[in-house]
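>>> model this:
(2 chains)
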Number of protein chains: 2
Amino acid sequence: MLSNAQNKYIRSLSQQKYRKQYTVFIAEGDKIACEWLSSDAGVQMIVATPAWLEKNYQLIGRHPSAEVCSVTEQELEKVSSLHTPNQVLLVVSMPDAPEHLPARGWSIATQQVQDPGNMGTIIRIADWFGIEHVIASPDSVDFYNPKVVQAAMGGHLRVQLHTADLQQYLYSTELPVLAATIDGDSIYAIENPGEGIILIGNESKGLPAELLQHATHRVTIPKKGGAESLNAAVSAGILAAFFAGR
Amino acid sequence: MLSNAQNKYIRSLSQQKYRKQYTVFIAEGDKIACEWLSSDAGVQMIVATPAWLEKNYQLIGRHPSAEVCSVTEQELEKVSSLHTPNQVLLVVSMPDAPEHLPARGWSIATQQVQDPGNMGTIIRIADWFGIEHVIASPDSVDFYNPKVVQAAMGGHLRVQLHTADLQQYLYSTELPVLAATIDGDSIYAIENPGEGIILIGNESKGLPAELLQHATHRVTIPKKGGAESLNAAVSAGILAAFFAGR
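Predicted coordinates:
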């Protein structure tokens, strides 16, 4: 059972303010919890059903300093930030932000991406294609939002997550900048620069002119049908597959 | 203001059972509502804030038989199936299911795709790439789930949506079947068959053997990093871009 203080503490972590204050975040669900417990991440609390705790005692044993709380599914539901009830919730220490923005290889940069599902999926895409860095503008959704963590499916453990002023970074970098835009050159025609920054804009507004001016490649996924736009994460996935995946 | 009966009716439409019974569904949000009102769809009810109604009186005029209800944002929130409050909600007549499964061109087939965001995004992908058909197994999430409608961003108006036993369809069709799988041939190496069915499996289980046996192409998006899998909609988007988009 959780004490009132524990209940309140965990629930507070759905807000960025408290995640920052305590420098921890929440990871929920069986798959993601197992990934985190298999890693060297600093796990602070393991809140789970008795059945889950019993099944995963070996993984739990790897984290002797973690506080383990056995709860019912109903209790778990009360502190969860997600809709679908899960069997387990972890409170994990937030890693230090990486010191240096990438100067080589592939990365994905997001300008004001707001939807947590999109941001998490972008981290998962980076993780799939071996893209080591995701860089978000300060007004993007927080990397440690519980829905971002869930959609990233463990990507936080392998992808370096930066928050940075993109205008400044793109101005200073020598890397090619491939900006996803509606009126650029076709992905089918662009020669692969071999490394670079895949730049994705806001879900409804796209990329602002002050970032587009830094693009070495304006990249368009040609439209054949009637849709007004493609989802931001799907666009990122297609650009990653065309350029970073080969 | 909405009557109690109207309130109850609209709220019931978050359930598939009632959508089937009344053969209507809900479309929410400014962009999507405007798309529907610009079309010839049978709009039954328009529930919106006074400001929205005033701004869109011309579009509303195109649907003289629709019942128009002016409501506050709070009232709208109460009947909405979504989290973010919107300014408008439509009740729309469900179109008849298309008669024939596709025999030519490109289509996307989904086996037991469960997440409404994924299904909606797949419809939006089809809409972008001019793929005229999406075919879902009967155990997939309902095409008319409010979250599917929202994520599809109007794709329902242009993409033909079929529900069918995929085993039977794939057995009988002469179209190439491109199955997304973890251990197939690289997307970078497969010759484009020019038309076919892009086959996407369940979010955690992938495609079952009985469907995989009908694949003329087993297609893999090569993994370079540590992720266990890619999101189903992102995979569909990448396959669509590689094959249907060219």
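>>> can I see the domain layout of chain A?
A:4-93, A:106-244 (automatic domain parsing).
>>> winner for burial among those domains?
Of all these, domain A:106-244 has the most neighbours on average by mean count of other CB atoms under 10 Å in any protein chain shown, namely a mean of 21. C-beta: built from backbone N, CA, C; applies to glycine.
>>> quick one: whichever helix or strand A:Ile125 is part of to helix B:116-129, angle?
Per DSSP states H and E, A:Ile125 falls inside helix A:116-129. Helix A:116-129 and helix B:116-129 are oriented at 80 degrees to each other (axes from the mean of the first three to the mean of the last three CA atoms, to 10 degrees).
>>> Restrict helix A:116-129 to CA atoms and write it as CSV.
Taking C-alpha atoms only, helix A:116-129 is exported to CSV below (Å, rounded to 0.1, in the frame of the first residue of the first chain):
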residue,chain,number,x,y,z
PRO,A,116,3.7,13.8,-26.3
GLY,A,117,2.9,10.8,-28.5
ASN,A,118,4.8,12.4,-31.4
MET,A,119,7.8,13.3,-29.3
GLY,A,120,8.0,9.7,-27.8
THR,A,121,7.6,8.2,-31.2
ILE,A,122,10.4,10.4,-32.6
ILE,A,123,12.7,9.2,-29.8
ARG,A,124,11.7,5.6,-30.6
ILE,A,125,12.5,6.3,-34.3
ALA,A,126,15.9,7.6,-33.4
ASP,A,127,16.5,4.5,-31.3
TRP,A,128,15.5,2.2,-34.2
PHE,A,129,17.7,3.9,-36.8
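>>> Tell me which helix or strand comes right after it.
By DSSP H and E, the next helix or strand past helix A:116-129 is strand A:133-136.
>>> And the contacts of the helix or strand following that following strand?
With elements assigned by DSSP H and E, the helix or strand that comes after strand A:133-136 is helix A:146-152. Identification of contacts with helix A:146-152 by CB atoms under 8 Å, 6 or more residues apart in numbering or on different chains yields A:13-14, A:25-29, A:32, A:81-82, A:116-121, A:123-124, A:127, A:141-142, A:156, A:159, B:231.
>>> Give me the distance from the helix holding A:Ile125 to the chain's centre.
6 Å (CA atoms, centre = their mean, to the nearest Å).
>>> does that helix come close to chain B?
Yes: using CB under 8 Å from any CB of the partner chain, helix A:116-129 reaches chain B at A:Gly117, A:Thr121, A:Arg124, A:Ile125, A:Ala126, A:Asp127, A:Trp128, A:Phe129.
>>> can you put those residues in TSV and add pLDDT?
Formatted as TSV, these follow (pLDDT from 0 to 100):
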residue	pLDDT
A:Gly117	96
A:Thr121	98
A:Arg124	98
A:Ile125	98
A:Ala126	98
A:Asp127	98
A:Trp128	98
A:Phe129	98
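>>> Let me see the ranges of the helices in chain A.
Here chain A has its helices, by DSSP state H, at A:4-12, A:16-22, A:30-38, A:50-55, A:57-61, A:73-79, A:116-129, A:146-152, A:166-172, A:209-212, A:232-239.
>>> Please tabulate the ones you listed in TSV, including the columns distance to B:Ile197.
TSV is the format used below for these (distance: least, CB to CB, whole Å):
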stretch	distance to B:Ile197
helix A:4-12	45
helix A:16-22	43
helix A:30-38	29
helix A:50-55	39
helix A:57-61	40
helix A:73-79	39
helix A:116-129	24
helix A:146-152	27
helix A:166-172	40
helix A:209-212	37
helix A:232-239	19
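>>> dump the residue contacts of A:Thr163.
By CB under 8 Å, 6+ apart, the contact list for A:Thr163 reads A:Ala97, A:Ile135, A:Ala136, A:Ser137, A:Pro138, A:Ser140, A:Phe143.
>>> Which secondary structure element of chain A has the lowest mean pLDDT?
Using mean pLDDT, DSSP states H and E, the weakest-scoring helix or strand in chain A turns out to be helix A:73-79, at a mean of 92.
>>> That one packs against which elements?
helix A:4-12, strand A:43-48, strand A:88-93 (3 or more CB pairs under 8 Å, 6 or more residues apart in numbering or on different chains; DSSP states H and E).
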